[in-house]
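> Task: produce atomic coordinates for the following.
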Amino acid sequence: MMPALGVQVRWVGCGPMAHADDPLEYRDVNANGLRFRVAEAGSGDRLALCLHGFPEAAFSWRHQLPVLAELGYRAWAPDQRGYGGSDRPPAVSDYAMEHLAADVVGLIDESGAREVVLIGHDWGAGVAWHVAIHRMAPLDRLVIMNAPHPACFVRELRTLSQLRRSWYMLFFQVPRLPEWVLGRNDAALIGKAFRDSAVHPELFDDDVLEVYRHNAAEPGALTAMLNWYRAALRWAWRSRDEAFPVIETPTLMVWGEQDTALGKETTRGTGDYVTDLTIRYLPDASHWVQQDQPEVVNAMLAAFLRGDQVPRHDQVQ
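Sure, this is the predicted structure:
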């Protein structure tokens with residue numbers, strides 16, 4: 001195992017800024033000038049770096065981290081900047097894509113890994129796309145869950161269908177009001193957002209939702225989380241006419257079809273931007289795909305990382 005130079009003491013679950021129902025083991029990692037709380041499983045110099053979305057945390061990878069460890073990876077899932085136990089820079093500009101991607105590069109560098117698999121969901125997948133497109137770090141494999149390639153997303157944002165789905169992104173641009181709405185009753189709406197849109201709400205029990213609610217209710221957390229969207233509007237405008245280099249890294253896209261925020265049509269044309277692409281659709285999963293159908297996602301993930309044929313959803317026992 002190569003040394004992780006920015007790694008500090010490990011601590012478990014219910015330490016500072018964690019919640020008693022979070023079973024993951026964490027350590028602090030200093031990268032890109034910030035301190036990140038990182039959930040860890042496994043060991044070695046093969047890194048599987050898992051990036052969560054909104055309004056999640058490292059906890060969203062609780063079903064995948066043990067599987068990745070069993071496959072021989074040191075699996076890291078950071079609370080991304082502004083989330084959970086990680087640092088929260090104050091300005092909207094601190095959440096620009098170039099900074100979010102630099103965090104990933106910094107974490108990879110601090111891990112000392114010789115092999116890297118980058119796995120992202122939602123916003124985390126958006127950052128993963130950026131790192132891969134611009135070849136900011138050497139990647140052996142890339143896994144994307146319910147987040148379109150930016151070129152496909154910009155294209156679909158010109159349609160009424162996707163604009164209707166993305167209304168909340170405009171609402172999040174309003175100062176202070178979204179924080180007030182989402183923060184009422186100790187951020188109860190954060191938990192409700194998961195259960196109400198899940199295909200399998202029984203997998204989002206009260207203990208699970210409490211972890212997310214607890215993180216969002218911390219002072220300054222909602223503003224930091226929403227600042228990703230506020231900075232993103234500027235990034236999307238700059239990217240509207242961008243020429244995207246083709247990704248040559250072997251890539252798996254896993255897509256829950258019952259996504260209320262992102263239409264399946266946003267995946268159309270992804271192969272134009274990725275030379276070695278495998279797409280698997282899950283008809284019985286929501287936007288929260290790796291939490292809504294963890295066994296199916298884990299089977300697909302394991303096959304892809306072993307170099308085997310990735311099963312379709314109906315081939316997973």
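> which element is L100 on?
Here L100, judged by DSSP states H and E, is contained in helix 97-111.
> Which residues does that helix contact?
Here helix 97-111 makes contact (CB atoms under 8 Å, 6 or more residues apart in numbering) with 2, 4-7, 29-34, 36, 38, 47, 49, 51, 74, 76, 78, 80-81, 89, 116, 118, 126-128, 130-131, 134, 136-137, 228, 231-232, 235. Where C-beta positions appear, they are placed from N, C-alpha and C, glycine not excepted.
> From those residues, list the buried ones, please.
With burial judged by 16 or more other CB atoms under 10 Å, the buried subset of those is 4, 6-7, 29-32, 34, 36, 38, 47, 49, 51, 74, 76, 78, 80-81, 116, 118, 126-128, 130-131, 137, 228, 231-232, 235.
> that older thread, average pLDDT across the helix holding L100?
Mean per-residue pLDDT for helix 97-111: 98.
> Break down the stretch 51-200 of the chain into its helices, ranges please.
65-70, 97-111, 123-133, 150-156, 160-165, 167-171, 177-197 (DSSP state H, counting those that start in this stretch).
> where does the stretch 201-317 of the chain have low pLDDT?
For the stretch 201-317 of the chain, residues meeting the criterion pLDDT under 70 lie at 234-241.
> In the helix holding L100, which residues are buried?
97, 99-104, 106-108, 110-111.
> same thing with stretch 215-227?
Applying a neighbour-count criterion of 16+ other CB under 10 Å, one finds 215-217, 221-227 buried in stretch 215-227.
> Return the member of those nearest to A302.
Nearest to A302 among the buried residues of stretch 215-227, counting by CB to CB, is N215 at 28.3 Å.
> CA-only coordinates of the helix or strand where the closest one lies, as CSV, when you get a sec.
In this assignment (DSSP H and E), N215 forms part of helix 206-216. C-alpha atoms of helix 206-216 as CSV (Å, rounded to 0.1, in the frame of the first residue of the first chain):
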residue,chain,number,x,y,z
ASP,A,206,-36.0,6.7,8.8
ASP,A,207,-32.4,5.9,9.9
VAL,A,208,-31.1,6.4,6.3
LEU,A,209,-33.0,9.6,5.8
GLU,A,210,-31.8,10.9,9.2
VAL,A,211,-28.2,10.8,8.1
TYR,A,212,-28.9,13.1,5.1
ARG,A,213,-31.2,15.3,7.1
HIS,A,214,-28.6,15.6,9.8
ASN,A,215,-25.8,16.6,7.4
ALA,A,216,-28.0,19.2,5.6
